[in-house]
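K.L.:
Sequence first, predicted coordinates after that:
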Amino acid sequence: MAKLKPVATTPIEAPVVKKKSRKLLFVGIIFLMLGAAGGGIWYWLHQKPVEAKHVEKKPPVFVTLEPFTVNLLQETGDHYLQVGVVFQVDSDKTMDAMKTYMPIIRNRILLLLSGKHPSELAQVDGKQKLVAELVMAARESLPDSAVQERGVDGAFLSAFVIQ
């Protein structure tokens with residue numbers, strides 16, 4: 001048999017990434033990132049503006065009640081209270097509901113007022129407490145189905161005399 005001659009082999013070298021190709025890769029990534037950022041900025045600037053819902057503030061709706069005159073609880077003699085009440089409501093629907101249930105509202109308010117002492121109502125904090133109670137009386141007079149959240153926002157005293 002023939003003898004095979006050994007072939008001179010050279011070691012296989014691993015591919016070496018050259019510094020130049022690394023720089024190109026790095027520059028390519030940077031350009032890609034800049035392009036994406038530029039595209040994002042362009043998209044953001046060219047979006048159709050979202051139209052803000054311009055909600056016109058409605059003028060307040062008020063319900064003025066006829067003045068009340070009630071006898072107050074006795075402390076140092078007979079006293080009476082004459083008071084005018086104006087309710088602020090959220091809509092015309094609430095105003096209509098209040099007109100429908102006005103006998104109930106007036107009854108609750110008369111009972112509330114006649115259960116007060118003159119000394120309770122003489123101070124500012126007593127009047128503020130009375131206003132909060134008037135709002136609750138009006139809200140409780142309206143059934144849930146008549147108005148959502150019973151729509152009474154506040155009450156105001158338009159006249160107030162204790163004698």
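P.N.:
Thanks, I have the structure now. Numbers count the residues shown, from 1 in each chain.
K.L.:
Secondary structure of Val86: a strand, I assume?
P.N.:
Yes - per DSSP: H, G, I helix; E, B strand; the rest coil, Val86 lies within a strand segment.
K.L.:
For Leu111, see how far away it is.
P.N.:
20 Å (C-beta to C-beta, to the nearest Å). C-beta here means a position set from N, CA and C on the backbone, and glycine is covered the same way.
K.L.:
Equivalent analysis for Arg139, please.
P.N.:
From Arg139 across to Leu111, the span is 15 Å (C-beta to C-beta).
K.L.:
more crowded one of the two?
P.N.:
Neighbour count, other C-beta atoms under 10 Å: between Arg139 and Leu111, Arg139 has more, with 16 against 11.
K.L.:
and that one, what element?
P.N.:
Following DSSP states H and E, one finds Arg139 within helix 124-141.
K.L.:
Give the buried residues for that helix.
P.N.:
Buried residues in helix 124-141, counted by 16 or more other C-beta atoms under 10 Å: 130, 133-135, 137-139, 141.
K.L.:
Format these as CSV; extra columns: pLDDT and distance to Leu157.
P.N.:
Converted to CSV, the buried residues of helix 124-141 look like this (pLDDT from 0 to 100; distance: C-beta to C-beta, whole Å):
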residue, pLDDT, distance to Leu157
Leu130, 95, 8
Glu133, 95, 12
Leu134, 95, 9
Val135, 93, 12
Ala137, 93, 14
Ala138, 92, 14
Arg139, 90, 18
Ser141, 89, 18
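K.L.:
Of these, which is the nearest to Lys116?
P.N.:
Leu130 (7.2 Å; C-beta to C-beta).
K.L.:
hey, where'd the helices end up in this structure?
P.N.:
Counting by DSSP state H, the chain has helices at residues 19-45, 92-100, 102-114, 118-122, 124-141.
K.L.:
Which secondary structure elements does the last one sit against?
P.N.:
Contact here means 3 or more C-beta pairs under 8 Å, 6 or more residues apart in numbering; DSSP states H and E; on that basis helix 124-141 packs against strand 80-89, helix 102-114, helix 118-122, strand 152-162.
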